[in-house]
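**Q** The amino acid sequence is not available; the structure is as follows:
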């Protein structure tokens, strides 16, 4: 999966007043580069409320270039790219065209394609209390330091990590490409198209676990392991463990209680790619901790 993620912070209520832009470049599902620009908004005018949110002040941008002076530097990163932005339909999606229009910079409505990770999350995870970037990251166990919230580079980084993780869980189509029937939203599209679950979720998992691994092992000498006596459910597919029994055997050997279904008694769910979305909904409702493949490997020192 290749894309970029962006986050703007604005100086005031005008959409054409960006004072900071953070950008991450993702190639093959890895963040390979990060960029950040401080931008002097028109007349260097700030609203106190905006300063309170992001901490950027007129003094910090007084000697910075305005957006039109930076455009030739920024443009190559976003031109004809798939852009991820959290709440992009309402905020970042409007800031870019409004700012280009303010500075009379020509552009085509087909130049920029955007996927709003907030709307995508709403389609994937029903009935969450909140879909802020922080809350979605918390739900998916993506580390989030609230002291950096509304720093444009930090938020762009977390949006990139969110996109990578959603792809891992739901097998989103490569580059969100329209050739694969993923509905990408044009920056000026009216109205915004809904993203269909059938477009982005792969077939449900089909691998099963041997019956002999379901009943907990009783002759465990070392009871100090993280998973000992914990009720664990496995969902999805795993790169390191093509056969789910291989992963289940590791859990069985340390005394884990492997269950087929999720319940209020479940301690952990091991989640791989192509996880069943109904199970993920149950996880959210019950507040169960998710452990991804990388964390699982780390816990077993593999």
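**A** Okay, I see it. Here the structure is a predicted model, which means the values were calculated and not measured.

**Q** For stretch 74-90, which residues meet the burial criterion?
**A** 74, 77, 78, 81, 82, 83, 84, 85, 86, 87, 88, 89 (16 or more other CB atoms under 10 Å). C-betas here are computed from N, CA, C, even on glycine.

**Q** Point out the ones among the residues you listed that are inside helices.
**A** 74, 77, 78 (DSSP state H).

**Q** Can you add pLDDT and distance to residue 141 and give the residues you listed back as JSON lines?
**A** Shown next, in JSON lines, are those (pLDDT from 0 to 100; distance: CB to CB, whole Å):
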{"residue": "74", "pLDDT": "96", "distance to residue 141": "32"}
{"residue": "77", "pLDDT": "94", "distance to residue 141": "29"}
{"residue": "78", "pLDDT": "90", "distance to residue 141": "29"}
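
**Q** picking up where we left off before, columns distance to residue 251 on top of the buried residues of stretch 74-90, output as TSV?
**A** Listed next are the buried residues of stretch 74-90 as TSV, based on distance: CB to CB, whole Å:
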residue	distance to residue 251
74	48
77	43
78	44
81	41
82	37
83	40
84	34
85	38
86	34
87	38
88	39
89	41
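
**Q** ok, so of these, who is nearest residue 107?
**A** residue 78 (10.4 Å; CB to CB).

**Q** so what's that closest one up against?
**A** 4, 6, 23, 96, 112 (CB atoms under 8 Å, 6 or more residues apart in numbering).

**Q** Could you pick out which of the residues you listed are located in strands?
**A** Secondary structure from DSSP state E places 4, 6, 23 of the contacts of residue 78 in strands.

**Q** From residue 266, how far off is residue 298?
**A** 21 Å (CB to CB, to the nearest Å).

**Q** Below-threshold pLDDT in the stretch 1-150 of the chain: ranges please.
**A** 88-93, 126-127 (pLDDT under 70).

**Q** Now do the strands in it.
**A** Ranges of strands in the stretch 1-150 of the chain, per DSSP state E, counting those that start in this stretch, are 3-10, 18-27, 30-38, 82-85, 113-116.

**Q** Give me the buried positions along the second one.
**A** Which is strand 18-27. In strand 18-27, counting by 16+ other CB under 10 Å, buried: 18, 19, 20, 21, 22, 23, 24, 25, 26.

**Q** mind listing what the first one touches?
**A** The one in question is residue 18. So residue 18 contacts 8, 9, 10, 11, 39, 41, 67, 95, 99 (CB under 8 Å, 6+ apart).

**Q** and which of these is nearest to residue 221?
**A** For those, the minimum distance to residue 221 (CB to CB) is 55.3 Å, reached by residue 9.

**Q** Distance of that closest one relative to residue 52?
**A** For residue 9, the distance to residue 52 - CB to CB - is 12 Å.

**Q** between these two, which one's more packed in?
**A** Shown here are residue 9 and residue 52; by other CB atoms under 10 Å, residue 9 has more neighbours (22 against 9).
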